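Q: Pasting the sequence and the predicted model now:
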Amino acid sequence: MSPKIVYDKKNCEGFFVCSAAAPDHFDEDQDEQKVDLTDSKEKAENLFEKEISEEELEEAIEAAEGCPADVIKVLDDDGEVVAGPKELPIES
């Protein structure tokens, strides 16, 4: 299993910290005041996932740790949360 980013778009508050930290993974949508997780799959309504490489892990962790809304988490290749909340708001 590859590391992955999991993103709760519904509860994003548009601070854009993630897009500054990891611009290759997060695109700003100024109209919606949220970000889009690039090249991701919608696993449930407004819950997106994207596999990343080990080389991209540090940047993804920085994005998750910087998110004031706690709507991004990063999983390692064992599926363990290494950054962000254990459970996203949309998952509770």
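A: Structure received. Since the model is a prediction, treat every value here as computed from it, not as a measurement.

Q: pLDDT of stretch 12-29, averaged?
A: Mean pLDDT, computed over stretch 12-29, is 97.

Q: What are the buried residues along it?
A: 12, 15-19, 21-22, 25-26, 28 (16 or more other CB atoms under 10 Å). Backbone N, C-alpha and C define where each C-beta goes, glycine included.

Q: tell me which of those is nearest to residue 90?
A: residue 12 (10.0 Å; CB to CB).

Q: what's the burial count for residue 67?
A: Number of residues near residue 67 (other CB atoms under 10 Å) recorded here: 25.

Q: Which two of the buried residues of stretch 12-29 have the greatest separation?
A: So, those by CB to CB: farthest apart are 15 and 25, at 15.4 Å.

Q: Turn the buried residues of stretch 12-29 into CSV, columns for secondary structure.
A: Shown next, in CSV, are the buried residues of stretch 12-29 (DSSP: H, G, I helix; E, B strand; the rest coil):
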residue, secondary structure
12, coil
15, coil
16, coil
17, helix
18, helix
19, helix
21, helix
22, coil
25, coil
26, strand
28, strand
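
Q: out of those, who's nearest residue 45?
A: Nearest to residue 45 out of these is residue 12 (CB to CB; 13.8 Å).

Q: how far does the longest helix belonging to the chain sit from the chain's center?
A: Ranked by residue count and defined by DSSP state H, the top helix of the chain is helix 57-66. Centroid separation for helix 57-66 versus its chain: 8 Å, with CA atoms, centre = their mean, to the nearest Å.

Q: Mind giving me the packing neighbours of it?
A: Helices and strands in packing contact with helix 57-66 are listed as strand 4-8, helix 17-21, strand 72-75, strand 81-83; criterion 3 or more CB pairs under 8 Å, 6 or more residues apart in numbering; DSSP states H and E.

Q: Compare those and give me the one nearest residue 41.
A: strand 4-8 (10.0 Å).

Q: Just send the helices and strands packed on helix 57-66 back as JSON lines, with distance to residue 65 too.
A: Shown next, in JSON lines, are those (distance: least, CB to CB, whole Å):
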{"stretch": "strand 4-8", "distance to residue 65": "12"}
{"stretch": "helix 17-21", "distance to residue 65": "8"}
{"stretch": "strand 72-75", "distance to residue 65": "9"}
{"stretch": "strand 81-83", "distance to residue 65": "5"}
